[in-house]
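Q: Here is a sequence with its predicted model. Questions after.
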Number of protein chains: 2
Amino acid sequence: MTTLKNDRFLRALFRQPVDVTPVWMMRQAGRYLPEYRATRKKAGDFLTLCKTPELACEVTLQPLDRYALDAAILFSDILTIPDAMGLGLYFAEGEGPHFEHPVRTKADVDKLAVPDIADELDYVTDAVRVIRRELDGRVPLIGFSGSPWTLATYMVEGGTSKDFAKVKGMLFDEPDTLHRLLDILARTVTDYLNAQIEAGAQAIMIFDTWGGALTPRDYKAFSLAYMQQIVEHLQRAHDGVRVPIILFTKGGGAWLEAMADTGCDALGLDWTVDIGDARRRVGDRVALQGNMDPALLYAQPARIREEVATILTAFGSGNGHVFNLGHGIHPQIDPEHVSAFIDAVHELSVPFHTS
Amino acid sequence: MTTLKNDRFLRALFRQPVDVTPVWMMRQAGRYLPEYRATRKKAGDFLTLCKTPELACEVTLQPLDRYALDAAILFSDILTIPDAMGLGLYFAEGEGPHFEHPVRTKADVDKLAVPDIADELDYVTDAVRVIRRELDGRVPLIGFSGSPWTLATYMVEGGTSKDFAKVKGMLFDEPDTLHRLLDILARTVTDYLNAQIEAGAQAIMIFDTWGGALTPRDYKAFSLAYMQQIVEHLQRAHDGVRVPIILFTKGGGAWLEAMADTGCDALGLDWTVDIGDARRRVGDRVALQGNMDPALLYAQPARIREEVATILTAFGSGNGHVFNLGHGIHPQIDPEHVSAFIDAVHELSVPFHTS
């Protein structure tokens, strides 16, 4: 394997000393970049972009050529898993994702099985291999998946939802059916992420975008329990190198202690928690990733620097901070503002790493 | 004034003993009721419904005729205030609210003034008077307003927003302009709520629907500070009777202690906090209102009863609980499920009030 030229990101996740705070952005390969929009256009549609390893590699690397990012993240979509299960994923232009065959009943769930990753999702592991080759050790590559609960929301609702009427209806009235679905998903996500690790993913992130829509009791039973199951069954090392796991529940700021108890290596934070408070709460059990409001990137560069300084100060000195936005970068952001952001993290974090 | 026949709601807000836990629902006069849809149709459009006191009264009373609710809430819209400021509120069919003249610049803010409530919002105070007369003391009437921050989001964005790009852009780059806007709004809301109290509103609720979209720092500076200003300037009694104030920030579960410090009487809770934890955190400083997930009403009646029992047990014995949903009732809910909900609260709460 190629030697990693920049290992700040992995070191920070393991709470080891670094020279400056590493930084990357959720959805850093995305619509705010004109070169992404060009590749997207060349691909024809979004799913073709996801399913063509060379194009997925191209967009994965684009933000690294512009910015001094400390990690790359596989370009893909969380809904590749339900698509591989036969739900028929499609994107109507200008709308969110839809499924031709949503999962609504116990009979629907009974028909589902854990797909064979090598058969159904080889385009993802192929993309991981192509990206690792093309990255050539510049920065580590992050593999990812949606959480079982988050995937289930799309599968039961048939797409995005505002109120989760159908999936919560199943949760309340047919909890056993939902548990069965979540168990199948947890086993699939485990296989999927282990296949990404085998293919070369050097860190893993689980996105629980909709865990924050649940009550504390339901979050623990229907989202966190299945992320825990995944964490327990993931390969934590590959070729003798440790592979860190990051859990992120958007809107999950109240539950950080329970998330840290899963045995993951790091937690993603949205912007509704103070990162200093979060650090005091989780102690030295996990590293923290976050937590700038993505809307800050609408502000002028001087204001962006100010916010970066505020968050660095809130975290304080010492190890275990990966800087990131608290959610994906918005499509309307000026790419110049991203430069200001990334550079500010590196420049302003030096004093926090001198001891 | 007519004697109040059912004062459970007010007593619970003041943490006084009650026979059973009082209950009402946010948006209880709404689209889930066929009789509401009929009145809405008769009115022609939503704004006419809000602006015609007799029709507003009609829909306010509808849920009370069906259910054993312990409070009525004025039927109105939070955007009456920006409408009175001249922004030109309109509702496109099937869409959310829009403003003809959004507030985007310092010059736009400089043109705004605190409107004269008696001139511009007399249809609201008239509705309060008509409803009080027609209620004839059955239950207390709640008056309400949006919070300054929540109103500002609509005024700057020009309608609803997913990412608050414009108003957060103003917050980050022109905080003084936003503070000026929020101060005008806080003074307007104060006048508006005091006029509702004068007209007969027996409790006041401030809805901060979008405070949860802010960082902890920005929430305190741009939302909570202005709710505090309002709380400090509201009439806390009318005709010798105390008028309680409820603050509700959706997604504000992390900030309950700071909200209680404003000097309000009660806090609204969404469903992402455990009401027992919330009670331990705020102690006996405030009553708590909430906190059932509105999606629970999709479930079967037996499951609804189970959840009511869980929340009653989580709050525990003693005074200071008003049962409610954690947000407005969804339009697709079966009215029969609402009966099951309301009755369950009264039936199952008896043992919590015997000491």
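A: Structure's in. What do you need? Numbering: from 1, shown residues only, chains lettered A, B, ... in the order given.

Q: Report the contact partners of residue A:286.
A: Taking C-beta atoms under 8 Å, 6 or more residues apart in numbering or on different chains as the contact definition, residue A:286 lies against A:259-260, A:264-267, A:320. From N, CA and C alone the C-beta is placed, and that goes for glycine too.

Q: same thing with residue A:125?
A: Residue A:125 makes contact with A:117-118, A:195-196, A:198-199, according to C-beta under 8 Å, 6+ apart.

Q: What helix or strand is it located in?
A: helix A:122-135 (DSSP states H and E).

Q: So in terms of bridging, what pairs with residue A:205?
A: Counting by DSSP bridges, residue A:205 forms beta bridges with residue A:144, residue A:246.

Q: Burial check on it, number of neighbours?
A: Residue crowding around residue A:205 was assessed by other C-beta atoms under 10 Å in any protein chain shown; the count is 23.

Q: surely it meets residue A:267?
A: No - contact criterion C-beta atoms under 8 Å: residue A:205 and residue A:267 do not qualify, at 10.5 Å.

Q: Overlap of the contact sets of these two?
A: A:246-248.

Q: where are the low-confidence patches of the stretch 151-300 of chain A?
A: Counting by pLDDT under 70, the stretch 151-300 of chain A has no low-confidence residues at all.

Q: try it again with 90
A: For the stretch 151-300 of chain A, the stretches with pLDDT under 90 are A:162.

Q: Can you show me the strands along the stretch 251-355 of chain A?
A: For the stretch 251-355 of chain A, applying DSSP state E, counting those that start in this stretch gives strands covering A:266-268, A:287-292, A:321-325.

Q: Of these, which is nearest chain B?
A: strand A:287-292 (8.3 Å; C-beta to the nearest C-beta).

Q: Determine the set of other helices and strands touching the closest one.
A: Strand A:287-292 sits against helix A:8-13, strand A:266-268, helix A:275-282, helix A:301-315, strand A:321-325, with contacts defined as 3 or more C-beta pairs under 8 Å, 6 or more residues apart in numbering or on different chains; DSSP states H and E.

Q: One more pass at 6 Å, please.
A: Packed against strand A:287-292, as judged by 3 or more C-beta pairs under 6 Å, 6 or more residues apart in numbering or on different chains; DSSP states H and E, are the following elements: strand A:266-268, strand A:321-325.

Q: Stretch A:319-327: end-to-end distance?
A: 22 Å (C-alpha to C-alpha, to the nearest Å).

Q: Is there proximity between it and chain B?
A: No - remark: stretch A:319-327 sits outside contact range of chain B, by C-beta under 6 Å from any C-beta of the partner chain, the gap being at least 8.5 Å.

Q: Take the strands of the stretch 251-355 of chain A and lay them out in JSON lines including mean neighbour count and distance to residue A:140.
A: Shown next, in JSON lines, are the strands of the stretch 251-355 of chain A (neighbours: other C-beta atoms under 10 Å in any protein chain shown; distance: least, C-beta to C-beta, whole Å):
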{"stretch": "strand A:266-268", "mean neighbour count": "26", "distance to residue A:140": "13"}
{"stretch": "strand A:287-292", "mean neighbour count": "26", "distance to residue A:140": "13"}
{"stretch": "strand A:321-325", "mean neighbour count": "28", "distance to residue A:140": "11"}
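
Q: Need these in CSV (columns: distance to residue A:45).
A: What follows is the strands of the stretch 251-355 of chain A, written out as CSV (distance: least, C-beta to C-beta, whole Å):
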stretch, distance to residue A:45
strand A:266-268, 29
strand A:287-292, 31
strand A:321-325, 26
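
Q: nearest to residue A:211, of the ones you listed?
A: strand A:266-268 (11.4 Å; C-beta to C-beta).

Q: For residue A:117, which non-adjacent residue is spatially closest?
A: Distance criterion C-beta to C-beta, 6 or more residues apart in numbering or on different chains; nearest residue to residue A:117, sequence neighbours excluded, is residue A:195 at 4.4 Å.

Q: Actually, residue A:248.
A: residue A:268 (2.9 Å).

Q: Could I get the pLDDT score of the nearest residue to residue A:123 once chain neighbours are set aside?
A: Nearest residue to residue A:123, sequence neighbours excluded (C-beta to C-beta, 6+ apart): residue A:51, at 4.7 Å. Note for residue A:51: predicted pLDDT of 97.

Q: Tell me, how many residues neighbour residue A:51?
A: 20.

Q: got the contact list for residue A:178?
A: A:170-171 (C-beta atoms under 6 Å, 6 or more residues apart in numbering or on different chains).

Q: I'd like to know how far it sits from chain B.
A: Distance of residue A:178 to chain B, computed by C-beta to the nearest C-beta, to the nearest Å: 12 Å.

Q: With that, I have no additional questions.
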